[in-house]
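> no FASTA, just this:
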């Protein structure tokens, strides 16, 4: 099965029986999941040797790895030093990803609250291009940067802005977080047609190959007038978009994405729910 499902980090249930990274393959196998997004959101806290060991373990179990880069990356910052540091953090994340055998790193563009969106985009595109050049010159061109759509109104990361960032290099893969998009748009994904419209926009702007192989984040997200407030669980029915609408369009468009669930504390369980639905409906 080319499509992949997995959690972002550990569900609460992982810690009920396990405690070490080495336990992840058996934990994920209990849910029949085949992907995992390693979290470096608060900094890179794993050594090269440990990353290599972890990657070999996960590869042996057939689990596809991706890595989330530090949240404090800000390629759109008005501060040049912060932008240059962001290039360094992206490079460090890519080094860990390569050691693990991971092909994708998810990157946030940062806030644009202090400057215009146009100025923020100019900074972001220049910084991202610099990061791509650094990856290539460092032998890390096998690692793809995946800029993510963001959930808060004052963050850079509308889908149109992600299209612009992806245009900076053919190697860039979009990370489409549908929970973020729904929250940013105040519940803008109420039905299957609204998801299909996004898929069509991705194909029209980036081509079918990028659509077919995109990186997807999904969770239910509670929102306020400023956008994202918090990630929820699938049991919280009164918040967020419906994963079934997403998967119906994935099936209809014959896509084979990596789908990472970012539910709050139930990400493995909810990833399994998505996979089970997909398997029950694919080909119909």
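Thanks, I have it. Given the structure is predicted, the values throughout are model-derived calculations rather than measurements.
> helices or strands up against the host helix or strand of residue 118?
Residue 118 is located in helix 117-137, with elements delineated by DSSP states H and E. Packing partners of helix 117-137 (3 or more Cβ pairs under 8 Å, 6 or more residues apart in numbering; DSSP states H and E): helix 80-100, strand 144-147, helix 159-166. (C-beta placed from N, C-alpha, C; glycine too.)
> let me see the ranges of the strands in the chain.
Under the criterion DSSP state E, the chain contains strands at 4-7, 35-39, 64-68, 104-107, 144-147, 175-177, 215-218, 221-224, 227-231, 258-261.
> in JSON lines: those strands, plus distance to residue 85, mean neighbour count and mean pLDDT.
Below are these laid out as JSON lines (distance: least, Cβ to Cβ, whole Å; neighbours: other Cβ atoms under 10 Å; pLDDT from 0 to 100):
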{"stretch": "strand 4-7", "distance to residue 85": "29", "mean neighbour count": "26", "mean pLDDT": "98"}
{"stretch": "strand 35-39", "distance to residue 85": "20", "mean neighbour count": "24", "mean pLDDT": "98"}
{"stretch": "strand 64-68", "distance to residue 85": "18", "mean neighbour count": "23", "mean pLDDT": "98"}
{"stretch": "strand 104-107", "distance to residue 85": "13", "mean neighbour count": "25", "mean pLDDT": "98"}
{"stretch": "strand 144-147", "distance to residue 85": "16", "mean neighbour count": "25", "mean pLDDT": "98"}
{"stretch": "strand 175-177", "distance to residue 85": "21", "mean neighbour count": "26", "mean pLDDT": "98"}
{"stretch": "strand 215-218", "distance to residue 85": "24", "mean neighbour count": "24", "mean pLDDT": "98"}
{"stretch": "strand 221-224", "distance to residue 85": "29", "mean neighbour count": "19", "mean pLDDT": "96"}
{"stretch": "strand 227-231", "distance to residue 85": "25", "mean neighbour count": "19", "mean pLDDT": "96"}
{"stretch": "strand 258-261", "distance to residue 85": "26", "mean neighbour count": "26", "mean pLDDT": "98"}
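> including distance to residue 26, could those strands go into a markdown table?
Compiled in a markdown table, the strands of the chain are given as follows (distance: least, Cβ to Cβ, whole Å):
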| stretch | distance to residue 26 |
| --- | --- |
| strand 4-7 | 14 |
| strand 35-39 | 13 |
| strand 64-68 | 16 |
| strand 104-107 | 24 |
| strand 144-147 | 28 |
| strand 175-177 | 28 |
| strand 215-218 | 25 |
| strand 221-224 | 30 |
| strand 227-231 | 26 |
| strand 258-261 | 19 |
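> residue 193: neighbour count?
By the criterion of other Cβ atoms under 10 Å, residue 193 has 10 neighbours.
> I misspoke; the intended subject was residue 61.
Residues lying near residue 61 (other Cβ under 10 Å) number 14.
> give me phi/psi at it?
Taking degrees, to the nearest 10, you get phi -90, psi 0 for the backbone angles of residue 61.
> mind listing what it touches?
By Cβ atoms under 8 Å, 6 or more residues apart in numbering, the contact set of residue 61 is 25, 28-29.
> now residue 57
21-22, 24-25.
> gap between it and residue 66?
Going from residue 57 to residue 66 by Cβ to Cβ, to the nearest Å gives 16 Å.
> before we move on, what about residue 223?
Residue 223 is 25 Å from residue 66, by Cβ to Cβ.
> from residue 39, how far out is the nearest residue to residue 38 once chain neighbours are set aside?
Nearest residue to residue 38 in three dimensions, chain neighbours excluded: residue 67, at 4.8 Å (Cβ to Cβ, 6 or more residues apart in numbering). Going from residue 67 to residue 39 by Cβ to Cβ gives 8 Å.
> picking up where we left off before, filter the contacts of residue 57 down to the buried ones.
The neighbour-count criterion (16 or more other Cβ atoms under 10 Å) marks 21, 24-25 among the contacts of residue 57 as buried.
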